[in-house]
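>>> need a 3D model of the sequence below.
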Amino acid sequence: MAAQKNLLDAVAHLARRLSDHALEQLCEKLELLPSGTPEDDILQSLEALVDIKARSEATRLLAIWRTEARNISAESLALMLRAASNADKWRNQEQQVETVWTGPVCIENLRRTDAALMEVIDAARERLWIVTFAAYNVKPVMQALKRAAARGVAVNFIGESSTENEALTSGGVNSLRQHLPGKVKIYIWPLENRMKNESGKHGALHAKMAIADGKIALVSSANLSGHALLLNIEAGILVYGGNVPVTFENQLEAMIAGGIIQCVS
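Got it, this is the predicted structure:
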């Protein structure tokens, strides 16, 4: 059962990562695969697999197939990939969006920013991404992150650093480390990797979002602060399903794999 789950998980992850063209190339190669062909020979022929993460996941899938699922034929594996890809497309079409708001409420159907953020954190079962410019010790959020880490969620925190951005006089991710669970991975955008204008001024890590398992995403103007979550006027959207959450997750993973964003803890 464990071997079957490993293979199914690897198929699902790869089907979500690959473009239609790359996935079809892989399936066609599998269907014509002579017995005993090395995995490297298959991957080298897939020029469309330019994404580092996709190539890594394809290698993992082929390794699991060869070592743990020898009873699955190459033709069956190709069918599994196509089925997973098709199912993912159907899932992506089932997208729901809610408006998120901090500040005076004058109409109905607005979600509170703090409640939406807590929902995303509590919904995570495998992966959680928090991205923010300014970050403070908001106790309910810190407690929710600790609960997520305790149930085995891989928590990734991407924040602006005061050492990389002198304009950030407080609320840098550096000062938040002591409040985050030990298992949380903290990332920054190093100054040397930032774009700059003609006058030499560097860009800032100004995005604010939370993503759970590539399935739910909160994108908001609100920083991780008590004022932003409860007092300011802030606006955002909470996206369930569709390709928005997984696209943002893929972008963050690609930036880390490419060394643009780097782990500091």
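>>> pull out the buried residues from stretch 200-218.
Neighbour counts using 16 or more other Cβ atoms under 10 Å place 202, 205, 208-218 of stretch 200-218 among the buried residues. Where C-beta positions appear, they are placed from N, C-alpha and C, glycine not excepted.
>>> how about the helices of the stretch 101-250 of the chain, start to end?
113-123, 139-150, 173-176, 226, 244-257 (DSSP state H, counting those that start in this stretch).
>>> using TSV, lay out those together with mean pLDDT.
Compiled in TSV, the helices of the stretch 101-250 of the chain are given as follows (pLDDT from 0 to 100):
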stretch	mean pLDDT
helix 113-123	97
helix 139-150	93
helix 173-176	72
helix 226	91
helix 244-257	94
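>>> before we move on, the earlier item: hmm, which two among the buried residues of stretch 200-218 are most spread apart?
Using Cβ to Cβ, the buried residues of stretch 200-218 span at most 33.3 Å, a distance reached by His202 and Lys215.
>>> from the buried residues of stretch 200-218, which land in strands?
Within the buried residues of stretch 200-218, residues falling in strands by DSSP state E are 209-212, 216-218.
>>> turn these into CSV, including distance to Ala12 and pLDDT.
Putting those into CSV (distance: Cβ to Cβ, whole Å; pLDDT from 0 to 100) gives the following:
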residue, distance to Ala12, pLDDT
Met209, 23, 98
Ala210, 23, 98
Ile211, 17, 98
Ala212, 17, 98
Ile216, 17, 96
Ala217, 19, 98
Leu218, 24, 98
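>>> out of those, who's nearest Trp90?
Ile216 (17.7 Å).
>>> these two touch, right, that closest one and Gly242?
No. Counting by Cβ atoms under 8 Å, Ile216 sits too far from Gly242 to count as a contact (10.2 Å).
>>> pass me the low-pLDDT residue ranges in the stretch 51-200 of the chain, would you?
51-53, 92, 164-172 (pLDDT under 70).
>>> which residues of it fall in strands?
Assigned by DSSP state E, counting those that start in this stretch, the strands in the stretch 51-200 of the chain fall at 96-102, 111-112, 127-132, 154-159, 185-188.
>>> buried deepest among the ones you listed, which one?
Among the strands of the stretch 51-200 of the chain, strand 127-132 has the highest mean neighbour count (mean count of other Cβ atoms under 10 Å), at a mean of 24.
>>> in its sheet, which strands sit next to that one, and in what direction?
For strand 127-132, the pairing partners within the sheet under DSSP bridges are strand 154-159 (parallel), strand 209-212 (antiparallel).
>>> next, count neighbours for Met195.
Using other Cβ atoms under 10 Å, Met195 has 7 neighbouring residues.
>>> how about it, nearest residue that isn't a chain neighbour?
Gly203 (5.1 Å; Cβ to Cβ, 6 or more residues apart in numbering).
>>> just list the residues touching the one you found, thanks.
194-196 (Cβ atoms under 8 Å, 6 or more residues apart in numbering).
>>> same question for Glu249.
By Cβ under 8 Å, 6+ apart, the neighbours of Glu249 are 127, 129, 211, 214.
>>> show me the two of these that sit farthest apart.
Trp129 and Gly214 (9.2 Å).
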